[in-house]
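J.: Give me a 3D structure for the following:
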Amino acid sequence: MPLEKGGRADKKGNQYETNCIIYEILKVLNEINYSVVVEALGTDEIGTDILITTFEGIKEHQQCKARNASKISWGISDLKAKDILSAWKIQLNRNDDRKVALVSPMECSFLVDLNDRAHNTSGKAEDFYNIQILESSKEFRKFYESFCKEMGVDIKKNEYVLKSIDYLQRIYYKRMSEYELQELINQSIQFLFISERSAVYNAFVSFVVTKDILGKEITQSMLYDYLKNQKIEFRLRDGDDRISPRIEEINYEYRETFKPLQGGLIDREEFNSCINAIEKEKPFIISGNAGYGKSGCTEEILNYCERKNIPYIAIKLDRRIPKGNCEKWGQELGLPGSVAYAIHCISKNEKAVIVLDQLDALRWTQANSSEAISICMELIRQVKYLNREREKKIIIVFVCRSYDLENDNHIGSLFKQEGSKESDWTIVNIGNFDENTVRKIIGEEYKNLSIKLKMLLSIPSNIYIWQHLEKEQSYSDCLTTSHLIENWFQQICRKSIAAGLHEKSVIEFYIQHGNFEKIISNVETLNEEQIKSVLEMAIPYMVSDEYRELAKTIILSCINSNIDLEFPVIQIFDKEYIKLEDDRTFLHEVMSSKISKRIVWLFVHYLELPV
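T.: Got it, this is the predicted structure:
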């Protein structure tokens, strides 16, 4: 049986048009549009490969052209020769609720510019023609004049100029290469379905090419029935109450680690730069040296999102390292799929923010950091795909140390735009505090500080440490951040042991830094639980050549107390802890101390063990 002449026969073998149809069908499943008709009938068929109907009842007549003969662009003569303009005139004149579009991989820059100017005009015919048309290039004016002639518009009359504006506002040129179109389809399939991507795509190709769909309105119900028969499984859809609670948990995990200065967040100019980027819906990077306040900026971003009711998700990449791919990583986070798709599901009609902190940590937290970087890159692509169809965008915010951003090639590759030396990303650089800010935070004491200490306190993290130091002591000899940290930890250790709180972790830190014996020089001030904690932490360090003598000193300082220390002390009688040749003096002192008969017996038993 011979095929019908015209577009229907061509449709079967045109991969580009087939993909255009699949892309629009996926929009129906994604509830962006209501229905699609392929090769409509009657007047709807004129100049129409795909007829799209939105939920508002707006109809868009699309033509899909993979090529324009051997040309690399579309000119006004090409649009006329292909009867595209005449078809557009017919459809646009039917009613004001119709749009037309040409989808093609090639350029048609003048038509795109005209559409943009028509949408950004005062609405006055004189302004549009005299300023936006006549003040343009000769080639641009000629394109507009030829367009008006083909559309039956007399540009000498203001009412017809207004008619040209109306036409241009409803004419769209959608440039998509074959690769970009396929990528959009792949991303959409990954978003909508759990089933293998290739299986879903092949099912759609079969639907378009072999099923009796020409001239029929393709709606969700038709597609659901078909895909159900093909055993294609859908992903979790909007409204599922598991997404928002899980995002809240992730955000809580992120925010609970932030410790502000005693006076709260300090207002900084960098905050405004971040907020401006969000308001403009532009992706950006927060960059700065360690301790300079990047976390403070992200905290202010999240506060802003909550004030404006902007959905957000914030993740520390060093704690939640990306693994596998975006979907697997999202599932590890407890989401139904990718982070991008999860935030999209709860924010379709409003802007949203994704904060990915500690990007630089990916260099150090695992051997194969390239996998994590690749997943971040995949996430960026997903957001770009989703933003194409979103009126309000998803904004990605990365947080990264300046050194890594500037010197790590893998990290740098995330922010390079393909085919361009420029980047879409804005960098918000976080510097140290200025002198007035530091003076305001420190107060009257600021004038008594040395110049070196004032400079040291211009770093926000150093101010945080300073605010927790006992002010009765002098810190004029603190010349570096490590000096401040040392004083702070000594203070923490003293207070922890005195209160019996968390002494094990503090003890371990100071054993490794060689300062613990100074802090516990007065053992009589410690209670039983504290002394036992000291011993249990010190004894394992006897296996280390570096800390062995220190550990023995700590043990001896404890066992002469009046406390029963039988249980922790007996642990030293292990072959991996005791070296008879080296520990004779140590063992003699242990046996001479206030110990129980059981410990003496265990020591004798130890001596009797075969070597």
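
J.: Number of residues surrounding the residue nearest to residue 71 when sequence neighbours are not counted?
T.: Among residues not flanking residue 71 along the chain, residue 78 sits closest, at 6.8 Å (C-beta to C-beta, 6 or more residues apart in numbering). For glycine as for every other residue, the C-beta is placed from the backbone atoms N, C-alpha and C. Residues contacting residue 78 under the criterion other C-beta atoms under 10 Å number 17.

J.: buried set for stretch 455-470?
T.: Buried residues in stretch 455-470, defined by neighbour count with 16 or more other C-beta atoms under 10 Å: 456-466.

J.: right, and out of those, which lies closest to residue 131?
T.: residue 460 (50.2 Å; C-beta to C-beta).

J.: Skipping adjacent residues, who's closest to the closest one in space?
T.: With C-beta to C-beta, 6+ apart, the residue lying closest to residue 460 is residue 293, at 4.2 Å.

J.: Tell me who's in contact with the one you found.
T.: 266, 268, 270, 430, 460-461 (C-beta atoms under 8 Å, 6 or more residues apart in numbering).

J.: Adding distance to residue 103 and pLDDT, write those out as JSON lines.
T.: Shown next, in JSON lines, are those (distance: C-beta to C-beta, whole Å; pLDDT from 0 to 100):
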{"residue": "266", "distance to residue 103": "51", "pLDDT": "82"}
{"residue": "268", "distance to residue 103": "46", "pLDDT": "86"}
{"residue": "270", "distance to residue 103": "42", "pLDDT": "89"}
{"residue": "430", "distance to residue 103": "44", "pLDDT": "91"}
{"residue": "460", "distance to residue 103": "51", "pLDDT": "85"}
{"residue": "461", "distance to residue 103": "53", "pLDDT": "82"}
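
J.: And the furthest pair within those?
T.: 270 and 461 (15.4 Å).

J.: Now do the buried residues in stretch 160-171.
T.: Buried, per 16+ other C-beta under 10 Å, within stretch 160-171: 160-165, 167-168, 170-171.

J.: if we look at that stretch, which residues are touching it?
T.: Residues from elsewhere that reach stretch 160-171, judged by C-beta under 8 Å, 6+ apart: 88-89, 92, 96, 98-101, 111, 114-115, 117-119, 121, 123, 125, 128-129, 144, 147-148, 151, 153-155.

J.: quick one, strands of this structure?
T.: Remark: strands assigned in the chain by DSSP state E are 35-38, 50-53, 59-64, 98-104, 171-175, 217-218, 284-288, 312-316, 352-357, 394-401, 426-430.

J.: can you tell me which of those comes nearest to residue 261?
T.: strand 426-430 (14.8 Å).

J.: Parallel or antiparallel, list what pairs with that closest one.
T.: The strands beside strand 426-430 in its sheet (DSSP bridges) come out as strand 284-288 (parallel).

J.: Between strand 394-401 and the partner strand, find me the angle.
T.: 20 degrees (axes from the mean of the first three to the mean of the last three C-alpha atoms, to 10 degrees).

J.: Can I get strand 284-288 as PDB, trimmed to CA atoms?
T.: Written as PDB, here are the backbone C-alpha positions of strand 284-288 (Å, rounded to 0.1, in the frame of the first residue of the first chain):
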ATOM      1  CA  PHE A 284      27.700  31.600  41.600                       C
ATOM      2  CA  ILE A 285      30.700  30.400  43.500                       C
ATOM      3  CA  ILE A 286      31.600  31.500  47.100                       C
ATOM      4  CA  SER A 287      35.400  31.500  47.300                       C
ATOM      5  CA  GLY A 288      37.800  32.500  50.000                       C
END
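
J.: ok, back up a step: turn the contacts of residue 293 into TSV, including distance to residue 346.
T.: Converted to TSV, the contacts of residue 293 look like this (distance: C-beta to C-beta, whole Å):
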residue	distance to residue 346
266	32
268	30
270	28
430	29
460	33
461	34
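
J.: Counting only helices, which of the residues you listed make the cut?
T.: 270, 460-461 (DSSP state H).

J.: Just give me the closest of the residues you listed to residue 68.
T.: Using C-beta to C-beta, residue 270 comes nearest to residue 68 of these, at 48.7 Å.

J.: and the closest one, what is it in contact with?
T.: Residues in contact with residue 270, defined by C-beta under 8 Å, 6+ apart, are 286, 293, 297, 428-431.

J.: do you know how far the closest residue to residue 332 other than its chain neighbours is from residue 358?
T.: Once flanking residues are discounted, residue 332 sits nearest to residue 323: 6.8 Å by C-beta to C-beta, 6+ apart. Counting by C-beta to C-beta, to the nearest Å, the separation of residue 323 from residue 358 is 15 Å.
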